[in-house]
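1. When you get a sec, could you give me coordinates for this:
(chains A, B, C and D)
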There are 2 protein chains.
Amino acid sequence: MSAALSIGEVAEETGVPAKTIRYYEQIGLLPEPARADNGYRVYGARAVDELRFIKRGRGLGFSIADVEALLGLWRDKHRASGDVRALAERHIREIDEKLAELETMRAVLADLVARCHGDERPDCPILESLSSEAPDDCCHHDP
Amino acid sequence: MSAALSIGEVAEETGVPAKTIRYYEQIGLLPEPARADNGYRVYGARAVDELRFIKRGRGLGFSIADVEALLGLWRDKHRASGDVRALAERHIREIDEKLAELETMRAVLADLVARCHGDERPDCPILESLSSEAPDDCCHHDP
DNA sequence: GGTTGACCTTCCAGCGACTGGAAGCATTAG
DNA sequence: CTAATGCTTCCAGTCGCTGGAAGGTCAACC
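-> Take a look at the predicted model:
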């Protein structure tokens, strides 16, 4: 049978802080674990696996809602891999949007920094650009 | 003299929602405007300029705190352009970190998606990767 | 037996940067 | 007179945690 672990041991094992584990339980991402006589949470190997899954999903930038969906698909032995792939593809598109936005910002900033001599003199193209009369519809943002 | 504008007109003029303008005032980013007899906020051209400045700074990804600092430097006629440049350079480094993180995520996801056939069959490298026994120290995150 | 100290429990509050909504005046048009 | 805007305030929610307070529990040490 699988070893019984306290929340601290699971935290140690998975690298997910105990506070975060309780939080995941609170929002329903993790099932409520069994309790020892003293009220302490008691976890098995399954919880460790699920937490590792969650941690990796979060590490790839999936939202909690997405991780919840992926966890559901993972538990479902009859899932279609197409569903998983669709979720991942949508996430890649979101990442691409953020990348494009950040790259635009970076390019504008790098240009401004290059044109700013950066000494004690007060004239500065960076501030001039931020306060100029030009239209500022340059940077698109999500709705 | 400069035209007196209501909050709605300033919002229209700058593209910053009235709610956000009030929020900026509340957190001290914008000074409290004059009030008409009926209690309505009354703005001048200066507030419009400052809001445009803020909007552009936010559009370049600067935090509110950074925008506040930039606004201070902008108002200070004796500022050193080096201070502005240092702030912008630090921001570029933060953007570079986010870019690197997102690019790593994207690469991992793209690889997983490519290896997932994505049909009705349940076997899926994406889920396998999330649940594998391999160490998951692959993705670094900020402290 | 007493007392640390490390662990566990609960609940509440805060981060950033807004955004939405409720409840209530002000002003203007019809 | 009423309806439609627009303005005011304040409170709550978003997302994903994280910190802290106040207290219970357990093993070890003197």
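2. Next, please give the residue ranges for the helices of chain A.
-> Under the criterion DSSP state H, chain A contains helices at A:7-14, A:18-26, A:45-59, A:64-75, A:81-115, A:125-131.
3. Can you lay out those helices as CSV showing mean pLDDT?
-> Compiled in CSV, those are given as follows (pLDDT from 0 to 100):
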stretch, mean pLDDT
helix A:7-14, 96
helix A:18-26, 97
helix A:45-59, 96
helix A:64-75, 95
helix A:81-115, 95
helix A:125-131, 92
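4. With mean neighbour count and distance to B:Arg35 as extra columns, can I get the ones you listed in TSV?
-> C-betas here are computed from N, CA, C, even on glycine. Formatted as TSV, the helices of chain A follow (neighbours: other Cβ atoms under 10 Å in any protein chain shown; distance: least, Cβ to Cβ, whole Å):
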stretch	mean neighbour count	distance to B:Arg35
helix A:7-14	17	53
helix A:18-26	15	43
helix A:45-59	19	47
helix A:64-75	17	43
helix A:81-115	16	37
helix A:125-131	20	26
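5. With distance to chain B added, can I get those in JSON lines?
-> Output for those, formatted as JSON lines (distance: least, Cβ to the nearest Cβ, whole Å):
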{"stretch": "helix A:7-14", "distance to chain B": "9"}
{"stretch": "helix A:18-26", "distance to chain B": "13"}
{"stretch": "helix A:45-59", "distance to chain B": "4"}
{"stretch": "helix A:64-75", "distance to chain B": "5"}
{"stretch": "helix A:81-115", "distance to chain B": "4"}
{"stretch": "helix A:125-131", "distance to chain B": "5"}
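6. out of the ones you listed, which comes closest to DNA strand C?
-> helix A:7-14 (2.5 Å; Cβ to the nearest atom of the strand).
7. Contacts for the closest one, please.
-> A:5, A:16-18, A:21-22, A:40-41, A:43, A:47-48, A:51-52, A:55 (Cβ atoms under 8 Å, 6 or more residues apart in numbering or on different chains).
8. and if we set it to 10 Å?
-> Defining contact as Cβ atoms under 10 Å, 6 or more residues apart in numbering or on different chains, one finds that helix A:7-14 is touched by A:3, A:5-6, A:16-22, A:25, A:33, A:40-45, A:47-55, B:136.
9. Also stretch A:18-37?
-> A:4-12, A:14, A:16-17, A:40-44, A:46-47, A:50-51, A:54-55, A:58, A:64-65, A:67-68, A:71.
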